[in-house]
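Participant: Next comes the sequence, and after it the predicted model I'd like to discuss.
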Amino acid sequence: MPRNKDESHEKIIAAAYDEFLEYGFMDASMRRIANNCGMSASGLYKHFPSKEDMFAALVDPTINGLMELYGDVESDYSKELKTTKKDDLWVNQKETIRAISYIYDHINEFKLIICKSQGTKYENFIHDMAIKEEEVTLRYMKELKKKGIPVKRINKKEFHLLVSSSVDAIFQVVLHDFTKKEAMHYAKTLDEFYLPAWKQFFGI
């Protein structure tokens, strides 16, 4: 890509972050972004076919990274089953701390996703993450059973509500504009709060 196009693209990305963070997706203006980049609206559309494409370009890499983190955590739990005694399961992964640390490494993107995405496919992001968390947790419970570790039968509706509340609790740090220091302390508090409750819920 020619250098001048690279520079234009970088200016667009910076202006798009500012625009979406200030106005949200619904009220963001492609024309205003173009003006802030010193280009015409038609020039802007050569880089991004639509406002939706522009928003996606800002947040998709961060979401993909979060999915990779979920995969790493799930893999670590599976490895743990091979070497860890029952009483020590589900203790050392620190998944909430890892998740919130990742969020704060990409805080502007998560502000867009959590606070500014109404009108996009990301507006139900927290719900979508709760569904993924349910799937991951149920796979883990199956692995426990295969290892001969008894797991309580659970009420699926209650499980859904509990998972939804725990996932929502993680992203509250974004909604409440915590500093990273505050958020990391809160992450430890969440682990201390939820870990015994989940172990009790599943009987492990």
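Facilitator: That came through, no problem.
Participant: okay, CA-based contacts and neighbour counts for the rest of this
Facilitator: Noted.
Participant: and the longest helix for this structure?
Facilitator: Taking residue count as the measure and DSSP state H as the definition, the longest helix of the chain comes out as helix 51-83.
Participant: what comes up buried for the next helix or strand after that one?
Facilitator: Towards the C-terminus, the helix or strand next in line after helix 51-83, according to DSSP states H and E, is helix 95-105. By neighbour count, and taking 16 or more other CA atoms under 10 Å as the criterion, the buried residues in helix 95-105 are Glu95, Thr96, Ile97, Ala99, Ile100, Ser101, Tyr102, Ile103, Tyr104.
Participant: and if you look at stretch 133-140?
Facilitator: Neighbour counts over stretch 133-140 (16+ other CA under 10 Å) mark Glu133, Glu134, Tyr140 as buried.
Participant: ok now do the first one, which residues does it touch?
Facilitator: What that stands for is Glu133. For Glu133, the contact set (CA atoms under 8 Å, 6 or more residues apart in numbering) comprises Val163, Val167.
Participant: what helix or strand is it on?
Facilitator: Under the assignment given by DSSP H and E, the secondary-structure element containing Glu133 is helix 125-146.
Participant: can I get the CA coordinates of that helix in CSV?
Facilitator: Listed next in CSV are the C-alpha coordinates belonging to helix 125-146 (Å, rounded to 0.1, in the frame of the first residue of the first chain):
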residue,chain,number,x,y,z
PHE,A,125,-21.9,-8.7,23.2
ILE,A,126,-22.2,-9.4,27.0
HIS,A,127,-25.1,-11.8,26.3
ASP,A,128,-23.1,-13.5,23.6
MET,A,129,-20.2,-13.9,25.9
ALA,A,130,-22.4,-15.4,28.5
ILE,A,131,-23.6,-18.0,26.0
LYS,A,132,-20.0,-18.8,25.2
GLU,A,133,-19.1,-19.1,28.9
GLU,A,134,-22.0,-21.5,29.4
GLU,A,135,-20.7,-23.7,26.6
VAL,A,136,-17.1,-23.7,27.9
THR,A,137,-18.2,-24.5,31.5
LEU,A,138,-20.5,-27.3,30.5
ARG,A,139,-17.7,-28.9,28.4
TYR,A,140,-15.5,-28.7,31.5
MET,A,141,-18.1,-30.4,33.6
LYS,A,142,-18.3,-33.2,31.1
GLU,A,143,-14.5,-33.6,31.4
LEU,A,144,-14.8,-33.8,35.1
LYS,A,145,-17.4,-36.6,34.8
LYS,A,146,-15.1,-38.5,32.4
